[in-house]
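Student: no sequence on this one, just coordinates:
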């Protein structure tokens, strides 16, 4: 049985236990909506797409050449009589008879009676004085009946499931939907995620940095992560460090958002305005998780709608790591893709990696494929939770489970690939 985030108490939580409790904050995915084809990229299907037609619609030519009924024992000595040509987008008007063929271009429907296409490069044309065209086949022993023909429905048959519910739509999926003639699809509503920062020391990028200030990096990191994981950002900005301002921001978030995220300033030892405002707006629990980086986490619900709230650690790397382990799976669930995140691969460590038994360590790493096809991984240097530049140098997290006190060079290790633009 999964305990709620308010029943877990003060003990140290395992990562999987904490992830299950976060997922329990939302009982079911968001509702679906119909969206035009041109706006579907990155969205998640709310229902399966059934093919309304055969793809391809007609049995057609896969090559330029001639279409005919291939009977190797009955090849005309004078060659096949060419009876016109069929172009892509046009249908055959007459069937092809014995000893005859028809010119055909790639994608054009096969005429009745034809079962084979021979590509142009294997053909020789003989022209007679009366205008007849005879087609001779070079190396007929290399021709096979049915070659270079795409059968109607061989990609997708009419009525078959073309794409399953829960599929996130990319370039290939959009092309497939378009090939079915569908101008829209029903997808899950994008989760609206409110993100805010607080603290007198937090300064917006572009403004002068006070001597004791820090630029607001975490909010921009979290907003980008939200979008990468299919969410829609509600940017609350930097909330003034007063109880009323924070309470107003949280009230707005509770009314408009499906998930609320903050980083820093919300831990069990804090008595600041953020924590008090959160307690006024809903329920709040504080966790210690057996994870590095990112041990502290606040979890709760806000407002009458019980909107999930996650208070992530303030250190930049810890904020990203805990987002990926806890917020990202919740966003996947809200979009009907529970269990799709985190994604994991196995790689061979190129160096020894330090860890400690009893907690899950997430090291920043860089993986690549060797010439013989193996995935190998190494760390990205210094692993301090405030060293955000190490995330920019990484393309994965190296996940070392709590049963291992370290990883030796040459050992297999689990990695979680990170989204990276090329």
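Tutor: Everything's here; your move. Quantities reported herein were computed from a predicted structural model and do not represent experimental measurements.

Student: now the strands: where do they sit in the stretch 101-250 of the chain?
Tutor: 116-119, 123-127, 133-137, 149-150, 161-163, 184-188, 192-198, 202-203, 214-215, 232-239 (DSSP state E, counting those that start in this stretch).

Student: could those be laid out in a markdown table, adding mean pLDDT and mean neighbour count?
Tutor: The way it works is simple: take the backbone N, C-alpha and C, and place the C-beta from them, glycine included. Listed next are the strands of the stretch 101-250 of the chain as a markdown table, based on pLDDT from 0 to 100; neighbours: other Cβ atoms under 10 Å:
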| stretch | mean pLDDT | mean neighbour count |
| --- | --- | --- |
| strand 116-119 | 98 | 22 |
| strand 123-127 | 94 | 13 |
| strand 133-137 | 96 | 18 |
| strand 149-150 | 98 | 18 |
| strand 161-163 | 98 | 17 |
| strand 184-188 | 98 | 20 |
| strand 192-198 | 93 | 24 |
| strand 202-203 | 87 | 18 |
| strand 214-215 | 89 | 15 |
| strand 232-239 | 94 | 17 |
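
Student: of these, which approaches residue 297 most closely?
Tutor: strand 192-198 (16.0 Å; Cβ to Cβ).

Student: Direction included, what does the closest one pair against?
Tutor: Counting by DSSP bridges, the strands paired with strand 192-198 are strand 232-239 (parallel), strand 259-263 (parallel).

Student: now it: how far from the chain's centre is it?
Tutor: 23 Å (Cα atoms, centre = their mean, to the nearest Å).

Student: repeat for stretch 87-97
Tutor: Per Cα atoms, centre = their mean, the centroid offset for stretch 87-97 relative to its chain is 42 Å.

Student: Same question for stretch 148-157.
Tutor: Distance, centroid of stretch 148-157 to centroid of chain: 28 Å (Cα atoms, centre = their mean).

Student: Which residues does it contact?
Tutor: Residues outside stretch 148-157 that contact it (Cβ atoms under 8 Å, 6 or more residues apart in numbering) are 51, 54-63, 65, 110, 115-119, 162, 176, 180.

Student: Would you tell me which helix is longest in the chain?
Tutor: Ranked by residue count and defined by DSSP state H, the top helix of the chain is helix 243-256.

Student: circling back to that earlier point, including distance to residue 27, could the strands paired with strand 192-198 go into TSV?
Tutor: Output for those, formatted as TSV (distance: least, Cβ to Cβ, whole Å):
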stretch	distance to residue 27
strand 232-239	20
strand 259-263	14
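
Student: closest one to residue 332 among those strands?
Tutor: Using Cβ to Cβ, the nearest of these to residue 332 is strand 259-263, at 11.7 Å.

Student: Now tell me what touches the closest one from outside.
Tutor: 191-198, 218-219, 222, 226, 231, 250, 253-254, 274, 302, 307-314, 319, 323, 327, 330-331, 334.

Student: same thing but 6 Å
Tutor: 191, 193-196, 218, 222, 253, 302, 307-312, 314, 319 (Cβ atoms under 6 Å, 6 or more residues apart in numbering).

Student: Equivalent analysis for stretch 70-77, please.
Tutor: 99, 116, 145.

Student: what distance separates the start and the end of that stretch?
Tutor: 14 Å (Cα to Cα, to the nearest Å).

Student: So what's the model's average confidence on that stretch?
Tutor: What stretch 70-77 shows for mean pLDDT is 93.

Student: Residue 418 and residue 233: what is the separation?
Tutor: Look at residue 418 and residue 233: by Cβ to Cβ, to the nearest Å, they are 19 Å apart.

Student: could the contacts of stretch 70-77 be laid out in TSV, adding distance to residue 239?
Tutor: Shown next, in TSV, are those (distance: Cβ to Cβ, whole Å):
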residue	distance to residue 239
99	84
116	72
145	73
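
Student: For residue 106, state which of those is nearest.
Tutor: Comparing every one of the contacts of stretch 70-77 with residue 106 (Cβ to Cβ), the shortest separation belongs to residue 116, at 14.8 Å.

Student: Hmm, residue 140 and that closest one touching each other?
Tutor: No: counting by Cβ atoms under 6 Å, residue 116 does not reach residue 140; the two are 11.3 Å apart.

Student: Now do the same contact list for residue 183.
Tutor: Residue 183 sits in contact with residue 37, where contact means Cβ under 6 Å, 6+ apart.

Student: Kindly report the same for residue 107.
Tutor: Counted by Cβ under 6 Å, 6+ apart, residue 107 has contacts 60, 88.

Student: Phi first, then psi, for it.
Tutor: Per-residue torsions, residue 107: phi 90, psi -10 (degrees, to the nearest 10).

Student: Without its sequence neighbours, what residue ends up closest to residue 53?
Tutor: residue 158 (5.7 Å; Cβ to Cβ, 6 or more residues apart in numbering).
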